[in-house]
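**Q** Give me the fold of what follows.
(chains A and B)
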2 protein chains.
Amino acid sequence: MERPVSQNIYDTPEFFERYSQMARSVYGLDGAPEWPAIQAMLPDLTGNQVVDLGCGFGWFARWARAQGAASVLGLDLSEKMLARARAETDDPAIQYRIADLETLELPERAFDFAYSSLAFHYIVDFGRLMRTVFQALRPGSQFVFTIEHPIYMASMRPDWLIDEEGRRVWPVDHYAIEGSRTTDWLAPGIVKHHRMLATTVNTLIEVGFSIRQLFEWYPTAEQLEAQPALADELDRPMMLLVAAQR
Amino acid sequence: MERPVSQNIYDTPEFFERYSQMARSVYGLDGAPEWPAIQAMLPDLTGNQVVDLGCGFGWFARWARAQGAASVLGLDLSEKMLARARAETDDPAIQYRIADLETLELPERAFDFAYSSLAFHYIVDFGRLMRTVFQALRPGSQFVFTIEHPIYMASMRPDWLIDEEGRRVWPVDHYAIEGSRTTDWLAPGIVKHHRMLATTVNTLIEVGFSIRQLFEWYPTAEQLEAQPALADELDRPMMLLVAAQR
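**A** Now for the predicted structure:
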């Protein structure tokens, strides 16, 4: 059986251009409203060997080093993103490497912490990837990642609806039908892979992780005041944050 | 501070009459389409001391005894339900007791298995109840329960919507706004308490449980063929099944 190969949308010029203009690309971690909540889930990284799955421009890798991580291996499918990531550091303890998470192999018990931000919802074979991450972590290690929330992804037409009484709601349909969802986000025809929340949790448990915490991300009162558009996130979660432990 | 006291809807004549006519009340466990999935989550009950939180007519209590449980304590808020439960068994190893899960106290390390079906979404103080269950279980014991799924409960108007293109979707809104939801189900003004899925999971972990498995219930192909109306459950989950371990 052939392994799935990821769609490399990030290297298409149109997508890359638009992605580069997003707040999280311009301002880095502080441009992502979920970052304070992720930070609250992170362990002390001092002395850790860290792997970042879908490292993008390398913001997290550089931050982890500033927190005292011994080394960071940043993996990404996009040559363009890695080129920018490499241009922004001369830290020899940060290594960037091209990798398709669908076919990734990692050495056994080589890392103390694994991280991933908004990458796994592109993955077809989530179970394979979780087994790969599990065996690559030393026992006791933590693993924190974010994905698009299945409530956000499930529908075949994932966009706000207005009901007869003028109330705005988020549609859910096909929740139990896992598989690809094609949407237009920054560019047409982006393929993501919907999984039930239970599947994400059960897959982690089946490969050996224990669940430490979930966060169906929503903004704080202060964030809402500063960015009123984040009120959308109170109506339906767009992101799921997961903390697990080997 | 006063403790919340549960709304006792089951003892209002209209509600009780209608509830008694539901398939799960007439046919027992086999009348509940989620029962085969619950069964698959259950441990061997042989010799176990079991507590059933919200035991209703006592179907599970009698089933657990038939599986070899040493004893079952069935707890419910409804006098009427317990009266029928008591009338249907003369098994001295089954005890039924009136209890409000909001104020429940249980002896320490007295049970080997805890069970609850579709009761906890009526509970205001879920954390208190989970602490009570945790301390009442012996170390290593399992805990299986079902609740209404938060996707089903979150909306202020939880009913199917038809979009402009004629597609039927389930509305989600106010997902991150936890608290009471008043609906008309069998009788008007039923008050339930919406919690995010993450809150249910995190509360279990915080009190000391580890998560074994989640199931956002949907029917098998055979169930769908026998009961086509269950296709609703593929579009949006109505029930969440949780297996945890002390």
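
**Q** When you work out contacts or count neighbours from here on, use the C-alpha atoms and nothing else.
**A** Noted.

**Q** So which bits of the strand or helix carrying A:Val191 are buried?
**A** In this structure, A:Val191 sits in strand A:187-194 according to DSSP states H and E. Going by neighbour count (16 or more other C-alpha atoms under 10 Å in any protein chain shown), the buried part of strand A:187-194 is A:Ala187, A:Ile190, A:Val191, A:Lys192, A:His193, A:His194.

**Q** quick one: it to chain centroid distance?
**A** Distance of strand A:187-194 from its chain centroid, counting by C-alpha atoms, centre = their mean, to the nearest Å, is 15 Å.

**Q** is it anywhere near chain B?
**A** No: figure legend: strand A:187-194 not in contact with chain B (C-alpha under 8 Å from any C-alpha of the partner chain); closest approach 13.0 Å.

**Q** Tell me how far the helix or strand following that strand lies from the chain's centre.
**A** Using DSSP H and E, the next helix or strand after strand A:187-194 towards the C-terminus is helix A:197-207. Mean-position distance between helix A:197-207 and its chain equals 16 Å (C-alpha atoms, centre = their mean).

**Q** now do stretch A:79-91
**A** With C-alpha atoms, centre = their mean, you get 19 Å for stretch A:79-91.

**Q** any residues touching the strand holding A:Val191, and which ones?
**A** A:7, A:9, A:14-15, A:121-124, A:150, A:153-154, A:178-184 (C-alpha atoms under 8 Å, 6 or more residues apart in numbering or on different chains).

**Q** can you check stretch A:14-34 too?
**A** A:9-10, A:35, A:57, A:59-60, A:80, A:186-187, A:217-219, A:223.

**Q** quick one: which of those residues is nearest chain B?
**A** Among the contacts of stretch A:14-34, A:Tyr218 lies closest to chain B (C-alpha to the nearest C-alpha), at 6.8 Å.

**Q** Report the contact partners of the closest residue to that closest one other than its chain neighbours.
**A** Excluding the flanking residues, the one nearest A:Tyr218 by C-alpha to C-alpha, 6 or more residues apart in numbering or on different chains is A:Glu233, at 5.3 Å. By C-alpha under 8 Å, 6+ apart, the residues touching A:Glu233 are A:Trp217, A:Tyr218, A:Pro219, B:Ala176.

**Q** and the gap between the last one and A:Val50?
**A** Meaning B:Ala176. Per C-alpha to C-alpha, to the nearest Å, B:Ala176 is found 32 Å from A:Val50.

**Q** Settle it for me: which of these two has more neighbours?
**A** Each of B:Ala176 and A:Val50 has its neighbours counted (other C-alpha atoms under 10 Å in any protein chain shown); A:Val50 has more, 25 against 22.

**Q** so where does the more buried one fall, helix or strand?
**A** If you go by DSSP H and E, A:Val50 is part of strand A:49-53.

**Q** After that strand, which helix or strand is next? Please name it.
**A** Moving toward the C-terminus from strand A:49-53, the next helix or strand (DSSP H and E) is helix A:59-66.

**Q** need the contact list for the nearest residue to A:Pro171 once chain neighbours are set aside.
**A** Nearest non-adjacent residue to A:Pro171, counting by C-alpha to C-alpha, 6+ apart: B:Pro171, 5.0 Å away. Counting by C-alpha under 8 Å, 6+ apart, B:Pro171 makes contact with A:Val169, A:Trp170, A:Pro171, A:Val172, B:Ser155, B:Arg157, B:Pro158, B:Asp159, B:Trp160, B:Leu161.

**Q** If we use 7 Å, what do you get?
**A** Residues in contact with B:Pro171 (C-alpha atoms under 7 Å, 6 or more residues apart in numbering or on different chains) are A:Val169, A:Trp170, A:Pro171, A:Val172, B:Ser155, B:Pro158, B:Asp159, B:Trp160, B:Leu161.

**Q** Turn these into CSV, columns for pLDDT, distance to B:Asp91 and secondary structure.
**A** Formatted as CSV, these follow (pLDDT from 0 to 100; distance: C-alpha to C-alpha, whole Å; DSSP: H, G, I helix; E, B strand; the rest coil):
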residue, pLDDT, distance to B:Asp91, secondary structure
A:Val169, 96, 50, strand
A:Trp170, 97, 50, strand
A:Pro171, 97, 49, strand
A:Val172, 98, 46, strand
B:Ser155, 96, 43, coil
B:Pro158, 93, 41, coil
B:Asp159, 93, 42, coil
B:Trp160, 95, 44, coil
B:Leu161, 94, 48, strand
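
**Q** now these: which count as buried?
**A** By 16+ other C-alpha under 10 Å, those give A:Val169, A:Trp170, A:Pro171, A:Val172, B:Ser155, B:Pro158, B:Leu161 as buried.

**Q** The fourth one contacts B:Leu234, correct?
**A** Which is A:Val172. No: A:Val172 is not in contact with B:Leu234 according to C-alpha atoms under 7 Å; the separation is 10.3 Å.

**Q** CA atoms only: put stretch A:196-216 into PDB for me.
**A** C-alpha atoms of stretch A:196-216 as PDB (Å, rounded to 0.1, in the frame of the first residue of the first chain):
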ATOM      1  CA  MET A 196     -14.000  13.300  15.700                       C
ATOM      2  CA  LEU A 197     -12.600  14.700  18.900                       C
ATOM      3  CA  ALA A 198     -12.900  11.200  20.400                       C
ATOM      4  CA  THR A 199     -10.700   9.800  17.600                       C
ATOM      5  CA  THR A 200      -7.900  12.200  18.400                       C
ATOM      6  CA  VAL A 201      -8.100  11.400  22.100                       C
ATOM      7  CA  ASN A 202      -8.500   7.600  21.700                       C
ATOM      8  CA  THR A 203      -5.600   7.400  19.200                       C
ATOM      9  CA  LEU A 204      -3.300   9.100  21.700                       C
ATOM     10  CA  ILE A 205      -4.400   6.700  24.400                       C
ATOM     11  CA  GLU A 206      -4.100   3.600  22.100                       C
ATOM     12  CA  VAL A 207      -0.500   4.400  21.200                       C
ATOM     13  CA  GLY A 208       0.400   4.800  24.900                       C
ATOM     14  CA  PHE A 209       0.000   8.500  25.800                       C
ATOM     15  CA  SER A 210      -2.100   9.600  28.700                       C
ATOM     16  CA  ILE A 211      -4.300  12.700  28.300                       C
ATOM     17  CA  ARG A 212      -3.300  15.600  30.600                       C
ATOM     18  CA  GLN A 213      -5.600  18.400  29.400                       C
ATOM     19  CA  LEU A 214      -7.800  19.500  26.500                       C
ATOM     20  CA  PHE A 215      -8.700  23.100  25.700                       C
ATOM     21  CA  GLU A 216     -11.400  24.000  23.200                       C
END
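
**Q** pLDDT score for A:Ser6?
**A** Model confidence at A:Ser6, given as pLDDT, is 78.

**Q** What about it? Give its phi and psi, please.
**A** Reported as degrees, to the nearest 10, the phi and psi values for A:Ser6 are phi -70, psi 140.

**Q** From A:Gly127, how far off is the residue nearest to A:Tyr218?
**A** Counting by C-alpha to C-alpha, the gap from A:Glu233 to A:Gly127 is 28 Å.
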